[in-house]
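Quick check, what structure comes out for this input:
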Amino acid sequence: MTYISQENIIKNSQIDKKYWMWLALLLSAFVLFYAKAFVTLFTVWWNSYTYSFGFLIPIISLYIVWLQKDRLKRLKIAPSYLLGLPVLIIAIAMLISNTKGGASIQGFSLIIAIIGIILLLLGIQFLKALWFPITYLLFMVPFWDNLTEKLNLPFQNFSASLGTKMIQAIGIPVYRKSIYIELPNITLEVAKVCSGVNNLIAIVAIAIPLAYIFLSGWQRRIILVCGGIIISILANSLRVALIGIFAYFNIGDVLHGPYHILQALSVSMVGFIALFIGVWALARGDSDKSPVVRSAAPEPSLQSYQTSFKGDRIKHLFFLMTIILILIGVYFRYYRQ
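As a prediction, the model looks like this:
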């Protein structure tokens, strides 16, 4: 039997009080410093179609952290001041030097500050364990504009080309010139907003955590993400074709209003449904548990929910809520156009 002196108990209690005091102080300073950054990012997410999924990223990231709670409890807290303090200083310097108030710099600074706080309060082992949810936060930073601008024209051309072939397949006379689809009664332009690039980024942003949580092995995960990309591109081409067909037969206002909104929602729905079908199909033959599931299931007898899809209802409700929120966001975005 081990004897613990009253002096040691008091000493440990004092250490715990100091730790919680520093935790409260650091988190309060974090909220104070980054309150404006949160507002800026939320404004971008709400007003930009490209980043309309951004408000879901922190929620998904926190959810992944929650899934690993059992693994995190087993780690030893060993604060690293030599690494954490310089990282935090860099984050604050980025925030202060951002005189123009750029949302991208604020977002990067926010992520770096989170890394610094984890190092200061918890240590390197916790940072290693949380590398995925922290890295995933990059999807909430609005720095994709250069990429989307480069991808827009190729995607516009591809959607116009494949959409034209789909229209021709049902016997409608149609001619394509670059991003323009010429029908006997109307000429349609596949605009940037209809290129499918923005929807593609949203699909990838959801496919990556789905693959990480439900599947083991990089091969299966890459297959899921690539499959989601392909389905998203094909679905957008189908949308272009449907717009052309409806326009040819004068069915509703296909360029504006409810028909246009419904078609946009349909593209998103096809992509997300395809992702869940892909997860289900790939997980059926996946005998190993993903790192997240292994950390969340300390007992070997617990069955992996990515192989049976009979896991906690909370997990499935969460992803169902994710899809609903994304669809609502897409709807409001198109409605405001």
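
what's residue 274 in contact with, if anything?
Contact partners of residue 274, counting by C-beta atoms under 8 Å, 6 or more residues apart in numbering, are 227-228, 231, 235. For glycine as for every other residue, the C-beta is placed from the backbone atoms N, C-alpha and C.

now it: how far from residue 229?
Going from residue 274 to residue 229 by C-beta to C-beta, to the nearest Å gives 10 Å.

Tell me how many other residues crowd the closest residue to residue 38 other than its chain neighbours.
Nearest-residue entry for residue 38: residue 110, 7.9 Å, with adjacent residues in sequence omitted and distances by C-beta to C-beta, 6 or more residues apart in numbering. Counted with other C-beta atoms under 10 Å, residues neighbouring residue 110 total 23.

List the residues that contact residue 110.
Residue 110 makes contact with 34, 37-38, 41, 91, 137, according to C-beta under 8 Å, 6+ apart.

now these as a markdown table including pLDDT, distance to residue 106 and secondary structure?
Rendered in a markdown table, the data for the contacts of residue 110 read as follows (pLDDT from 0 to 100; distance: C-beta to C-beta, whole Å; DSSP: H, G, I helix; E, B strand; the rest coil):
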| residue | pLDDT | distance to residue 106 | secondary structure |
| --- | --- | --- | --- |
| 34 | 86 | 8 | helix |
| 37 | 86 | 4 | helix |
| 38 | 87 | 9 | helix |
| 41 | 90 | 7 | helix |
| 91 | 91 | 10 | helix |
| 137 | 94 | 13 | helix |
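
show me where this structure has helices.
For the chain, helices defined by DSSP state H occupy the ranges 6-47, 57-67, 69-73, 81-97, 103-121, 124-129, 131-136, 145-169, 197-214, 218-248, 257-284, 291-296, 305-308, 313-336.

so how many other residues sit close to residue 51?
26.

ok, it - contacts?
44-45, 140, 142, 144.

again, only this time at 6 Å
The neighbours of residue 51, taking C-beta atoms under 6 Å, 6 or more residues apart in numbering as the test, are 44-45, 142.

Give me the buried subset of those residues.
For the contacts of residue 51, a burial check counting by 16 or more other C-beta atoms under 10 Å picks out 44-45, 142.

which regions of this protein sit below the pLDDT cut-off?
Segments of the chain classed as low confidence (criterion: pLDDT under 70) are 1-19, 99, 101, 251-265, 267, 285-337.

Quick check: the gap between the residue nearest to residue 270 when sequence neighbours are not counted and residue 189.
The spatial neighbour of residue 270 that comes closest, neighbours along the chain excluded (C-beta to C-beta, 6+ apart), is residue 235 at 4.2 Å. As judged by C-beta to C-beta, residue 235 and residue 189 stand 19 Å apart.

cool, and residue 176?
Residue 176 sits at a distance of 11 Å from residue 189 (criterion: C-beta to C-beta).

swap in residue 107?
Distance of residue 107 to residue 189, given as C-beta to C-beta: 33 Å.

These two: who's more crowded?
With neighbours defined as other C-beta under 10 Å, residue 107 and residue 189 compare such that residue 107 has more, 22 against 13.

isn't the more buried one right up against residue 141?
Yes - Residue 107 lies in contact with residue 141 (C-beta atoms under 6 Å); the separation is 3.3 Å.

Can you work out which residues contact both of those two?
Any residue near both residue 107 and residue 141 by C-beta under 6 Å, 6+ apart counts here, and not one turns up.

Number of residues surrounding the closest residue in space to residue 192 that isn't next to it in sequence?
Of all residues beyond its chain neighbours, the one nearest residue 192 is residue 152 (4.8 Å), with distances taken as C-beta to C-beta, 6+ apart. Using other C-beta under 10 Å, the number of residues around residue 152 comes to 20.

thought residue 152 was touching residue 193?
No - in this structure, residue 152 sits apart from residue 193 without contact. The criterion is C-beta under 6 Å, and the distance is 9.1 Å.

pretty sure residue 214 contacts residue 284?
No - counting by C-beta under 6 Å, residue 214 does not reach residue 284; the two are 11.0 Å apart.

So which of the two has more stuff around it?
Higher neighbour count among residue 214 and residue 284: residue 214, with 29 against 11, using other C-beta under 10 Å.

out of everything not next to it in sequence, what's closest to residue 187?
residue 180 (5.8 Å).

Just the buried subset of the contacts of residue 110, please.
Neighbour counting over these (16+ other C-beta under 10 Å) leaves 34, 37, 41, 91, 137 as the buried ones.

how close does the residue nearest to residue 192 sit to residue 183?
Taking C-beta to C-beta as the measure, residue 152 falls 23 Å from residue 183.

Check residue 105 too.
Look at residue 105 and residue 183: by C-beta to C-beta, they are 46 Å apart.

Identify the residues contacting the residue most central in space within the chain.
Central residue check for the chain by C-alpha atoms, centre = their mean: the C-alpha nearest the mean position is that of residue 205, 3.3 Å away. Contacts here follow C-beta under 6 Å, 6+ apart; on that basis residue 205 touches 53, 139.

Please shift the residue numbers so they start at 35 in all later answers.
In the new numbering, first residue 35, that becomes residue 239.

can you tell me how far it sits from residue 198?
Counting by C-beta to C-beta, the gap from residue 239 to residue 198 is 30 Å.
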